[in-house]
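Asks: okay, predicted coordinates and the sequence, questions at the end:
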Amino acid sequence: MQKTVFTKSLRILITSLLMLAVFFQKERSQLLMAVVFVLWLFVIIATALWQPSRNLLNRLKNMAAKSRNTNAPQPVPQICESEKTNTGKPVTNPMLHQEELQEHQDEMMLRHIALRITDKLKSAYPHATWQWQGKPLLQNILQGSTVRISVEDMADFTHADITFDRFGRIHVEPMIIGSFASPPVPDDTDTEPAEAAPEPPVVDVNVWYELIGQKALENIITELNANGYTKLSIKENGDIVINRQKKESVQATLDAFPEKPYWEELITVLEENELKGKITGSSLQVSWI
């Protein structure tokens, strides 16, 4: 009995902690998690202390009932619980109802997790879409297992690995899986007028840097620093260039590079990662010494 109560309460605790991490900010969620854990611990201790006294009281009641039944001339037959509920209506199974409720709760939590993944992806790739590579179990996600999804409209990426840490923070690792195809050859005979360019989407600079910029810049800066370089420049189209023999040499290109109105915010993100940024005309200069 105690084991059953402990198992159920532990599942409720884990679900509550995840919901707090999803719906509240980091500082507030950590405080609420601590309060919920203390309350849960208090309930478990109280249940463990109260259970022995409850069992003793039940045994005393059973002994008193047996004594009365022995002295009575004719024992009064007790109505079975199944006869009380036999009123012509179907009797529902409490265990079955509990399982259905748990499945519904798991489904709701997976939807909330899916919304968080969508927000994370669209912050860097506004037109991105995705789907599960085999629907995961909520318990696996709560345990920190890696879940793979297939993505579209995320540059050349085809898949991504999703993980949640113990604080409820989401981590996305984009990847390319599959054969590489040659880019389509443009058709010179197409003379249809180009449509007006849509308004640029809003970009979350922090998410873009976490998913795309950080890894690319770290790799390039490590190589350039070994060769004696101390800075590089990023063009508006995302080209990373350095001055080599008084000429610009393109080293790489950043996908979905934020437009110029976001550069001031990007400079702040670079400073948080021990890099220095400066706007020089149509380029963003990044230095590390």
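Replies: Here it is on my side, so go on.
Asks: what sits up against stretch 276-289?
Replies: Under the contact criterion CB atoms under 8 Å, 6 or more residues apart in numbering, stretch 276-289 has outside partners 217, 221, 225, 230-236, 241, 260, 263-264, 266-267, 270-271, 274-275. Yep, even glycine has a C-beta here, placed from its N, CA and C like the rest.
Asks: report pLDDT for residue 50.
Replies: According to the prediction, residue 50 has pLDDT 61.
Asks: just residue 245 next, same as before
Replies: For residue 245, the model assigns a pLDDT of 76.
Asks: same question for residue 162.
Replies: 88.
Asks: in a strand, that's where it is, yeah?
Replies: Yes. Under DSSP: H, G, I helix; E, B strand; the rest coil, residue 162 sits within a strand.
Asks: shouldn't it be in contact with residue 147?
Replies: Yes. Judged on CB atoms under 8 Å, residue 162 makes contact with residue 147 at a distance of 4.7 Å.
Asks: just the ones of the contacts of stretch 276-289 in strands?
Replies: 231, 232, 233, 234, 235, 241 (DSSP state E).
Asks: hmm, which of the residues you listed are the buried ones?
Replies: For the ones in strands among the contacts of stretch 276-289, a burial check counting by 16 or more other CB atoms under 10 Å picks out 231, 232, 233, 234, 235, 241.
Asks: show me what the closest residue to the third one other than its chain neighbours bridges to in the sheet.
Replies: For residue 233, ignoring the flanking residues on the chain, the nearest one in space by CB to CB, 6 or more residues apart in numbering is residue 283 at 4.2 Å. With DSSP bridges applied, the residues forming beta bridges to residue 283 are residue 235, residue 280.
Asks: for the closest residue to residue 43 other than its chain neighbours, what are its contacts?
Replies: Once flanking residues are discounted, residue 43 sits nearest to residue 9: 6.8 Å by CB to CB, 6+ apart. By CB under 8 Å, 6+ apart, the contact list for residue 9 reads 40, 43, 44.
Asks: could you do residue 274 as well?
Replies: residue 288.
Asks: now residue 250
Replies: Residue 250 neighbours (CB under 8 Å, 6+ apart): 239, 240, 241.
Asks: my read: the second one touches residue 219, true?
Replies: No. Under the criterion of CB under 8 Å, residue 240 is not in contact with residue 219, lying 10.5 Å apart.
Asks: neighbour count winner among these two?
Replies: residue 240 (22 against 12; other CB atoms under 10 Å).
Asks: okay, and the beta partners of the more buried one?
Replies: Legend: beta-bridge partners of residue 240 under DSSP bridges are residue 234, residue 252.
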